[in-house]
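>>> Got a sequence here, can you model it:
(4 chains)
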Amino acid sequence: MNPVNYLYLASLLFAIGATGVLIRRNAIVVFMCIELMLNACNLALVAFSRMHGNLDGQIIAFFTMVVAAAEVVVGLAIIVSLFRSRHSASVDDASLMKL
Amino acid sequence: MSFPLLTATAVVPAVGAIATAAVPAAKRTAAKWLALFFSLATLALAAVVAVRFNTGSGADRYQLTESHSWIADFGVRYELGVDGIGVALIGLTALLIPFIIVAGWHDADPQETGNTRWRPTQGFFALILMVEAMVILSFEATDVFLFYILFEAMLIPMYFLIGGFGDRAHSGSDQNAAAQRSYAAVKFLLYNLVGGLIMLAAVIGLYVVAGTFSLTEIAEMRASGELNMATNTERLLFLGFFFAFAVKAPLWPLHTWLPNAMGEATAPVAVLITAVVDKVGTFAMLRFCLGLFPGASEWATPVILVLALVSIVYGALLAVGQRDIKRLVAYASISHFGFIIMGIFAMTTQGQSGATLYMVNHGISTAALMLVAGFLISRRGSRLIADYGGVQKAAPILAGTFLIGSLATLSLPGLAPFVSEFLVLVGTFARYPVIGIIATFGIVLGALYSLVLYQRTMTGPVKVETAKMPDLKLRELLVVGPLIVLLVFLGVYPKPLTDVVDPAVGHTLSDVYGDENPDPEPEVAAK
Amino acid sequence: MSALASQAVTDLAAYTTSTGEAVQFWVLGTVAVIGALCTILMKKAVHSALCLAGTMIILAVFYLANGAYFLGIVQVVVYTGAIMMLFLFVVMLVGVTAADSLKETIKGQRWLALLCGLGFAVLLVGGIGNAAITEFNGLGTANAGGNVEGLAALIFTKYVFAFEITGALLITAAVGAMVLTHRERTERAKTQRELAEQRVREGKHLPPLPAPGVYARHNAVDIAGLLPDGTPSELTVMKTLRDRGQIRDVSTEALRDLAALEQRSEERLGRGQEAAK
Amino acid sequence: MENLIALLVAAPLLGAVILLCGGRRLDRTGHWLGTLLALGSFVVAALLFTDMLGRDGEDRAMHQHLFSWIPVGGFQADIAFQLDQLSMTFVLLITGVGSLIHIYSIGYMEHDERRRRFFGYLNLFLAAMLILVIADNYLLLYVGWEGVGLASYLLIGFWQHKPSAATAAKKAFLVNRVGDMGLSIAIMLMFTTFGTFAFGDVLAATGETSEGKLTAIGLMLLLAACGKSAQVPLQSWLGDAMEGPTPVSALIHAATMVTAGVYLITRSGAIFNAAPDAQLAVVIVGAVTLLFGAIVGCAKDDIKKALAGSTMSQIGYMVLAAGLGPIGYAFAIMHLVTHGFFKAGLFLGAGSVMHGMNDEVDMRKYGGLRKYMPVTFVTFGLGYLAIIGFPGLSGFWSKDKIIEAAFAYGDGVRPWIFGGVALLGAGITAFYMTRVMLMTFFGEKRWQPTPDPHKEPSAEPAADDAHAGEMPHPHESPKSMTIPMIVLAFGSVFAGGLFSLNESFVHWLEPVTAFEHPHPVISVPAITASTMVVLAIGVAIAWFMYGKRPVPVTAPRGSVLTRAARRDLLQDDFNHVVLVRGGEHLTRSLVYVDHTLVDGVVNGTAASFGGLSGRMRKLQNGFARSYAVSMLGGTAVLVAATLLMRAV
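Residues are numbered from 1 along each chain as shown, chains lettered A, B, ... in the order given. Okay, the predicted model is just below:
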């Protein structure tokens, strides 16, 4: 087997995550999908580092995790406060951008 | 480095505009006098330019030239220079502005008193001076980009003059008046902006092709044959330029903004539009369309001549059909602009000299007629022809000046417009007899609308409202008198003007025809 | 564990991987994809979260298989351990809302989304296949001194600034989260008396709300009590359930019972008349 | 001496400027100034005339070049004058008759508060007319041409408070403009053909170009002449022009301006001689107008309108003669001069009658006036005899010659047709003039109380309500009015004979307009005799109709022809229906088109842009997810693009 398959898998997961972001209305689930996309990227990075035979890819993946953690923290906090104010976690309810 | 005379002619009014605008609200009259002073100073400078301008046979085409680098990256230069045509039009502009200012002396007085922060008067006169500065500079610019900037920039003050200071004599409620006014202003702006946009594209295209914006350089390149412009490219660029100028001029069917603008604006502003600003369009046709794209100009001539012909007849017929004095004058102007454009593109010495003279004479005659009409309207408070009648009885001097204005509009021999109109007709007839003959119908229609206007307003039984109408005051007489004198003088002795204009026309035609004689030879060799 | 790892290291530098890994990939890969799909298709957020957690664990395994031991562990600890739990907490906090339903509200959104997703996937796969990466050199040399040491060396030399900055980022995030969620009480808490007076002033429902199911011979909290005319009263069910729309309506059967009761009494009365004769 | 030429024009021009700009302070003296300057101009003319007589025939022409007017390339127009015998004749006529009518107006306009202005206009007219006749090129002639048009516009509409007057003035100017169009086109043609439009050069070069060109030029000149001289089809303005004060009718619309067309044709003789077709057109126009005017003149009851018809017809004679070529030019001019005398005299007489009759113009309300205003009667009578061509009086000499020349025109039927027309015209002239004479001065009184001027405005304004409703008491007019009439009467009696004395007039003009003796198809005495007969018949008919029977105060219905003639042979109705109504509809529809179509297109584009942006706006629905979709789509597109780039 060729480790390229890992990349295929990664892109598949990524696409699935993206689709999820688009079709789900629950902010939390949307967030999960984002996490899924991030993980897909990590997988790809790890696979790359294996292909190139150096650890830089893993380092980047590592940083990605950190950033993801930070993002989740802030994001979920936002969701919570949003829910407090509007009693709903639907991303569609926050449609104030409408002209 | 000699004294930058041309720059001065534009800087003085610009400074005047700023100074006028800075006058505090209470000192309204001071602002008026200040504006008048600066406009007169500009007139003096224009006179100096005219004197310094050398009409000798050996004189070079552009004189009093100035040249400084401006936007080096695009080779945009601040290049000025005047030829005879420019001198004539600068003279016209500098001459008319003082009259416009005096005529509009009270037009911008604030209606509601007490509001001390509100300073319409200052703004009004400052804007007029600003327009003057831009127009004069655009007559002097020999750099296409510089010209374009001015061509567009002068729309802004005009917009505010039209939209901000409407004619108080208006049938209908104030809101209605305001709505129509802003409609007219926006229409004016949009029409000219669209034209300008297309011109901008053409300007850039020209830079791509020629690699410079300088008229003189392009002329040299053309002479030395370095400039290789594909025929289609040249035609497209020509159309781009011509469209903008045709909107400004205005040429049928791009004319509909003019009646609204002139109808809604105060009479002095209407004069500013038709007698000064629109001339930039026709002037640019001569200097840029013919100078830059001679081949394309020749190619487009037939269509343009037909359009001009339509303008002449169409404008005159619509003038006959108008109920509103100022709209009538506007449509008459459209007809006259048809004559000017026809003269330009007839491509004969008589035609183009006539067209240039026409620009000047039309400026003066329209100013005379329109300003008197403005005085009339301000007395009765209505623009509808039907509201007048028998004014001649009550205000003979007003009627007399109005009659002379009308006669100038119908180009009566002995008054200036006749000379130019006949030259245009002869010039056109020499090359395109049919068009010339059809255009001659214009003189009948001209007589029709002028006399109908005079008859319906001035003659007939005296109406109650007009019975007590006061005659022209001294201020108004000071505006109209000199204009009429000028009309007569230029009608009897136009030689000074033709002497200035002819060499420039010669140069312009040599752009198109090279050294050969542009005029068709008469059948019988003259003795 | 470490033995297995060293085993893996030896056969890493190759042009193809071991059949064991292949099998592992195909089996777990399928599961991962299914998990991902479940994540976006499950109706309840909780289920989505669990599916996601599963997928992540599988990814952790893949990391290990790819010689990224450190990341594999971190994945399990940080993601599955910390982040997903955080998710679950928030899900509990927010509770089930109408947003959960998969019914699409924006016209054409779903089809567009699917189209884009699919197209994107196809493009990526195509792109990768197009890149045609055949040979690869494994991490044998890089991981020679141990994976963690290798990473540490890089982090503290080459990527030290990025590392510090991520640290700063984390702190900021933590502070931010606190700021966002923390609510300072600005005014004194109202006493019960004050609250009661306010209720009276506003003309609200004064006595305590009726217990659920009281009049309806039911004793479940999610069943609305019936008013004397047999219609259910929303008031009797607690607010959270109401918000979630989790009210079981039994009014119909209650009314049926009532009808039956009246019929029976009819019969009795009828008998009574006969007796009178 | 030649430098005096400019003075001819300068004097009246100065007068016009002073009087029109002078303001009220000149009201008391203005008319004297105007008259003085007119006389001054006449004196100058006389001086020049004597000087001219001093020389011999060929080099009598004088020139004065003032300055270069419009020098543009090959187009060289100068302000330069040329005074040859032809011009001299006109100058004398214009200044002479002009001065007389100035004097007459002093008395006539006495009660008008705008008399100063009136004299200013009169002077303006003199100046323009003089420019017209002494210009040395066609363009300067054009200036005078339009100048007299302007003056006549101002004078016809002098009583502007009357809508009828204002309309008539406008009509006159417009119809003239149509003619002017012809003149300007002719000038353009000359410029393109000869490269110049100075009389000398053009007329000398006629040999060098094609006959077609010359015919075109000739026809254009004819159009101009028709406009100015009220020839068919542009004659309609002359009748209405009688709205103007009577002196104006006498000077402009009888003696001088209307004859400008004849001057133009005679002046351009060389062109016409080389273009027979154009000549034929001229002759036809002349003949038609001759009859047209005469017929109209027979039917009108308004004395001035009747005279106007007669003017039209007499000018028809002149144009006819001018069309005949060298055999006719001299007689055309001769008839022009004599006509200038007697027609002016007749108009002044009519004015004097109206003056006495409270401005009544309807001849049916005159009658038996000879006792009451003898001077007027006598002068008018002499004018009458002259115009009908009573043997020995001016009209006889000039008109008879024209008839002869007409009989000598071309070959085949032409001489018979045109000679016959001319002859017939003489008869009709005799009829309508006798009619006027009888209805005015003979028969019993048919005076009526003056109508209230405000109800039906009469031609005269002195319609001060004092007269309203009272019976007129006719009286002789003041000296200032009678003297000019007497002078003109002398002219109308003797001028013709004087001119014909061993053909002095013909020889005088010969250097300018070449002359050939006409050779009529029938002998001259026969022609004269038949003229006399026709004349007698005309007078007799008139006598039977208006002399013996009493004249009804209200006009009888009359025959179809009469009714048509009363309405200018329906020509005005045609104009009204076709030109006026049609024009109004055209302009109205055009205004509509301009508003909806031309403007609509633009507004339409604007609206469509608005709608488009409105639809775009819908995309901004504010849902983060739909924005996200577009983001992902965009990314997909980008990836695709990069891949394609790589693939290519």
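>>> mind checking which helix or strand the closest residue to chain B within chain C is in?
Proximity of chain C to chain B (Cβ to the nearest Cβ) peaks at C:L112, 35.5 Å away. Using the backbone N, CA and C atoms, a C-beta is placed for each residue, glycine as well. Taking DSSP states H and E as the criterion, C:L112 maps to helix C:109-131.
>>> close to chain A, is that helix?
Yes. Helix C:109-131 lies within reach of chain A by Cβ under 8 Å from any Cβ of the partner chain, at C:109-110, C:112-114, C:116-118, C:120-121, C:124-125, C:128.
>>> filter those residues to the buried ones?
By neighbour count, with 16 or more other Cβ atoms under 10 Å in any protein chain shown, the residues of helix C:109-131 next to chain A hold C:109-110, C:112-113, C:116-117, C:120-121, C:124, C:128 as buried.
>>> what about the helices in the stretch 151-277 of chain C?
Assigned by DSSP state H, counting those that start in this stretch, the stretch 151-277 of chain C shows helices spanning C:160-181, C:192-202, C:239-244, C:251-276.
>>> got the buried residues for the first one?
Meaning helix C:160-181. The neighbour-count check on helix C:160-181 (16+ other Cβ under 10 Å) flags C:163, C:166, C:169, C:173, C:177, C:180 as buried.
>>> and the third one, what does it touch?
With Cβ atoms under 8 Å, 6 or more residues apart in numbering or on different chains as the criterion, the residues that contact C:L169 are A:66-67, A:70.
>>> between those, which is nearest D:L39?
A:V67 (112.4 Å; Cβ to Cβ).
>>> quick one on the thing from earlier: export the buried residues of helix C:160-181 to a markdown table and tack on pLDDT?
As requested, these are exported to a markdown table (pLDDT from 0 to 100):
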| residue | pLDDT |
| --- | --- |
| C:F163 | 92 |
| C:T166 | 92 |
| C:L169 | 92 |
| C:A173 | 92 |
| C:A177 | 89 |
| C:L180 | 85 |
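>>> what about B:M221, how many residues close to it?
B:M221 has 17 neighbouring residues, counting by other Cβ atoms under 10 Å in any protein chain shown.
>>> per-residue confidence for the closest residue to it other than its chain neighbours?
Nearest non-adjacent residue to B:M221, counting by Cβ to Cβ, 6 or more residues apart in numbering or on different chains: B:L227, 4.0 Å away. If you check B:L227, the pLDDT there is 78.
>>> I'd like the distance from B:L227 to B:L92, if you could.
For B:L227, the distance to B:L92 equals 32 Å [Cβ to Cβ, to the nearest Å].
>>> the more surrounded of the two?
B:L92 (23 against 18).
>>> can I assume the more buried one sits in a helix?
Yes. Counting by DSSP: H, G, I helix; E, B strand; the rest coil, B:L92 is part of a helix.
>>> How is chain C partitioned into domains?
Following automatic domain parsing, chain C resolves into domains at C:1-103, C:108-135, C:142-182, C:210-276.
>>> could those be laid out in TSV, adding distance to C:E197?
Below are these laid out as TSV (distance: least, Cβ to Cβ, whole Å):
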stretch	distance to C:E197
domain C:1-103	32
domain C:108-135	49
domain C:142-182	30
domain C:210-276	22
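>>> deepest of the ones you listed, which one?
Here the criterion is mean neighbour count by mean count of other Cβ atoms under 10 Å in any protein chain shown, and of the domains of chain C the winner is domain C:1-103, at a mean of 18.
>>> contacting residues around the residue lying closest to B:G75 once chain neighbours are set aside?
Once flanking residues are discounted, B:G75 sits nearest to B:T212: 5.3 Å by Cβ to Cβ, 6+ apart. Shown in contact with B:T212 (Cβ under 8 Å, 6+ apart): B:75, B:218, B:221.
>>> Quick check on the last one: phi, psi?
The phi/psi pair for B:M221 (degrees, to the nearest 10) reads phi -60, psi -40.
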